[in-house]
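Undergrad: Sharing a sequence plus its predicted fold:
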Amino acid sequence: MAYSSRHTEEGKTAQKGNHPASKRSEKPKKKFNQFIFRDWCKCCGICSAFCPKGVIGRDEKGAPVIQDPDACIGCRFCELHCPDFAITIKEREAPKDQ
């Protein structure tokens, strides 16, 4: 495993990322809502197969169900691959107090 390093003024080697200035404040994670239009869906399972985070599963009849809505990263793979245009992903509105 290779580590990136840099030399300091004193000639010492410092690991990259350990410098106090390299720590950045983290942005709040974006959240997304998932909408499934049941009347349009033919239960093909493409949306659940393409979901990288396992947000969309399938019930006993094969219909898509949202299992873990907060795990959605907003990649929209499900939306882009749905042949019936039966799923939509939208970013949640931030609370007004922030």
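TA: Happy to help now that I have it. Residues are numbered from 1 along each chain as shown.

Undergrad: If you drop the residues flanking it in sequence, what lies closest to Phe77?
TA: Phe50 (4.2 Å; CB to CB, 6 or more residues apart in numbering). (Glycine included, C-beta is placed from N, CA and C.)

Undergrad: what are the phi and psi angles of the one you found?
TA: Backbone torsions of Phe50, given as degrees, to the nearest 10, read phi -90, psi -10.

Undergrad: so who does the residue most central in space within the chain touch?
TA: For the chain, the residue lying nearest the average C-alpha position, counting by CA atoms, centre = their mean, turns out to be Ile73 (1.5 Å). Residues in contact with Ile73, defined by CB atoms under 8 Å, 6 or more residues apart in numbering, are Phe32, Pro52, Lys53.

Undergrad: which ones are touching the first one?
TA: Read it as Phe32. Pro69, Cys72, Ile73, Gly74, Ile89, Lys90, Glu91, Arg92.

Undergrad: returning to that earlier point: how much space between the residue nearest to the centre of the chain and Arg38?
TA: According to CB to CB, to the nearest Å, Ile73 and Arg38 sit 24 Å apart.

Undergrad: ditto for Pro69
TA: 16 Å.

Undergrad: next one: Gln67
TA: Counting by CB to CB, the gap from Gln67 to Arg38 is 16 Å.
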